[in-house]
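[1] Please work out how this folds:
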Amino acid sequence: MIPLEYMPPLMFGGLVVFMIIGYPVAFSLCAVGFFFGFLSIEMGYFTMSFMQAIPGRVFGSILSNELLLAIPFFTFMGAILEKCGLAEDMLESMGQLFGPVKGGLGYSTIIVGFILGAITGTVAAQVIAMALITLPVMMRYKYDMRYATGVLAASGTITQLVPPSLVLVVLADQMGRSVGDMYLGAWGPSILQIALFAGYTFYLTIVKPDALPPVPRTLFGKDLLIKCAWGIIPAAILIFLVLGTIMMGLATPTEAGAMGTIGAIVLAVVRNAPLTKFDRAVFLSGCAAAIVGTLIGMVAFKSVPFKLAFTVMFASVIWLCWRAWQFKELRDLIVQAMQATMRITAMVAFILVGATCFSISFQGVDGGLWVEHMLSGLPGGVWGFLIVVNLFVFFLAFFLDFFEIAFIIVPMLAPVAQKLLAPVVGADAALIWFGIMLCVNMQTSFMHPPFGFALFYLRSVAPKEVKSSDIYWGSVPWVFLQIIMVAIVIAFPQSVTFFLDEPSKIDPTTIKIELDAPEPESAPPIFTPAPKN
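    Below you'll find the predicted structure:
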């Protein structure tokens, strides 16, 4: 008979063995969870009724979880934007603005990566789009190849941290925290990381000025203004549809993802389809109706004019979506985006189901206590815990995707993190700080050789003249910058908690509700019937 204290490490070791063999993660989780679950039932550690929590959690916490609907919406939106030309226009406009400065193409790549990250949450779309446009220009003007490939890959991974990142949505779901709070906590590290990347670029322009030469500007005056507006205004509208509505409390992440998806389709139609005069009139009337409806809603929300304005806008959107389906190129693009979305959504769902099977059995054999005792006894207290956990996640990211880390590892670490970090930043912000820290760390999973997906995406579209060694060696400084960013988040929790709401200092156990007793009503006069004669 296997002692109970040996069961959690055996489960974890069995999962590692399956992954080393190369068996799919979702089915590895199911196999290990069910094997040790039935073994534990046979040994009397828990009963068969304990395993009934698996279908209850699958149907109650996964398939009916509205928050996870944001994943297919953001994935679909990213697939549409990848082909609609928005990234190209933004890169060209930013290149015109920053090109004459040394390292200008690097600065523009970093800024565009940040803006695209605020619209969608897909690394592949950003890296591929930016590499196809910017890399040939960098090669033409003799940019250092290792810097060029590194800044393109690193700027694509910024989307993992910038709201509305899918990683933040998944972490909020797994930690039981608000997505809005997770987004607020991510703004500080996002801005610091952009500053860190820009600072490194500026440093190289001083140390190696010939490696990052300026690029001459080809547009001036009105033409430059129109080019910048054509690249920036659509991005600003999508950012408001996705991120602004969440921050203003007008929509949940799922609803914002749905609006962003419709906005991406409309943008693809306007930019790429041969529109008729009627189509343009419909589009302009829809834009005007949206502006008028918003202004009316500020003073007379849900009034008849407000409803009429948005009815016109919805009719315009429906017509443009129908026109998107009529054009073969856009129809094929939508079908491809749907297929990619289905694959990613199915993968996430299967990993969640497998992680549920594993976690139920793991908790049944006191796996949570095993993890807590192992991590809380580390030397260095809280800081030792944070350093060991981040090193552990960093090395796991060599082999696992961020979805797998979030669904397998985070539920094990969250209870210990809540207990250890609450005295440092407060109970409300403890898991927000921990989640943002892991999110910054998991960015490296796309960057470090030999399995960085961002490097694979870059290699797939880079010209043959670009050596694979330049791509891999070029990523190393940016991985170090990301590690420095993890250290900053650990050392300065205020970088995460600065934008969060102040925790309530009122102890709910001391609240007393006193109600004045109502004055007793005067009793009605009692009438006695007169005696009958």
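[2] all strands of the stretch 301-450 of the chain, in order?
    Assigned by DSSP state E, counting those that start in this stretch, the stretch 301-450 of the chain shows no strands.
[3] So, low pLDDT: which residues of it?
    Scanning the stretch 301-450 of the chain for pLDDT under 70 picks out the ranges 449-450.
[4] residues in contact with the most centrally placed residue in the chain?
    Central residue of the chain (CA atoms, centre = their mean): Ser165, 1.6 Å from the mean position. By CB atoms under 8 Å, 6 or more residues apart in numbering, the residues touching Ser165 are Gly117, Gly121, Thr159, Ala186, Cys439. Using the backbone N, CA and C atoms, a C-beta is placed for each residue, glycine as well.
[5] Can you say which of these are buried?
    Among these, those that count as buried by neighbour count (16 or more other CB atoms under 10 Å) are Gly117, Gly121, Thr159, Ala186, Cys439.
[6] what sits up against stretch 376-384?
    Identification of contacts with stretch 376-384 by CB under 8 Å, 6+ apart yields Phe385, Ile387, Val388, Val416, Lys419, Leu420, Leu421, Pro423, Val424, Ile490.
[7] Sorry, slip of the keys, the one I care about is stretch 479-495.
    With CB under 8 Å, 6+ apart, stretch 479-495 has contacts from 154, 157, 188-189, 192-193, 196-197, 200, 383, 386-387, 390, 394, 424-425, 429, 433, 436-437, 440-441, 443-444, 447-448, 496.
[8] And the buried ones among the contacts of Ser165, which is closest to Trp319?
    Gly121 (28.5 Å; CB to CB).
[9] Roughly how far does the residue lying closest to Ser495 once chain neighbours are set aside sit from Leu161?
    In space, and not counting its chain neighbours, Ser495 is closest to Gly188: 4.3 Å by CB to CB, 6 or more residues apart in numbering. Using CB to CB, to the nearest Å, Gly188 is found at 10 Å from Leu161.
[10] Name the residue in those two with the higher neighbour count.
    Per other CB atoms under 10 Å, whichever of Gly188 and Leu161 has more neighbours is Leu161, with 25 against 21.
[11] sorry, back to before: mind putting the buried ones among the contacts of Ser165 in a markdown table, secondary structure and distance to Leu212 included?
    Shown next, in a markdown table, are the buried ones among the contacts of Ser165 (DSSP: H, G, I helix; E, B strand; the rest coil; distance: CB to CB, whole Å):
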| residue | secondary structure | distance to Leu212 |
| --- | --- | --- |
| Gly117 | helix | 23 |
| Gly121 | coil | 29 |
| Thr159 | helix | 24 |
| Ala186 | helix | 29 |
| Cys439 | helix | 29 |
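[12] Mind picking the lowest-pLDDT entry from these?
    Among these, Gly121 has the lowest pLDDT, at 59.
[13] ok, the contacts of Ser165 vs Gly263, which is closest?
    Using CB to CB, these come closest to Gly263 at Gly121, 14.8 Å.
[14] for the stretch 151-300 of the chain, which spans come out with low pLDDT?
    Counting by pLDDT under 70, the stretch 151-300 of the chain has no low-confidence residues at all.
[15] can you give me the helices in it?
    Applying DSSP state H, counting those that start in this stretch to the stretch 151-300 of the chain gives helices spanning 166-175, 179-207, 221-239, 245-247, 253-272, 277-299.
[16] what about the residue nearest to the centre of the chain, distance to Ile436?
    For Ser165 relative to Ile436 (CB to CB), the value is 10 Å.
[17] what's the overlap in contacts for these two?
    With CB under 8 Å, 6+ apart, Ser165 and Ile436 have common neighbours Ala186.
[18] For the closest residue to Ala406 other than its chain neighbours, which residues are in contact?
    Distances taken as CB to CB, 6+ apart place Val170 nearest to Ala406, at 4.7 Å, with adjacent residues excluded. The neighbours of Val170, taking CB under 8 Å, 6+ apart as the test, are Leu68, Ile71, Phe402, Phe403, Ala406, Phe407.
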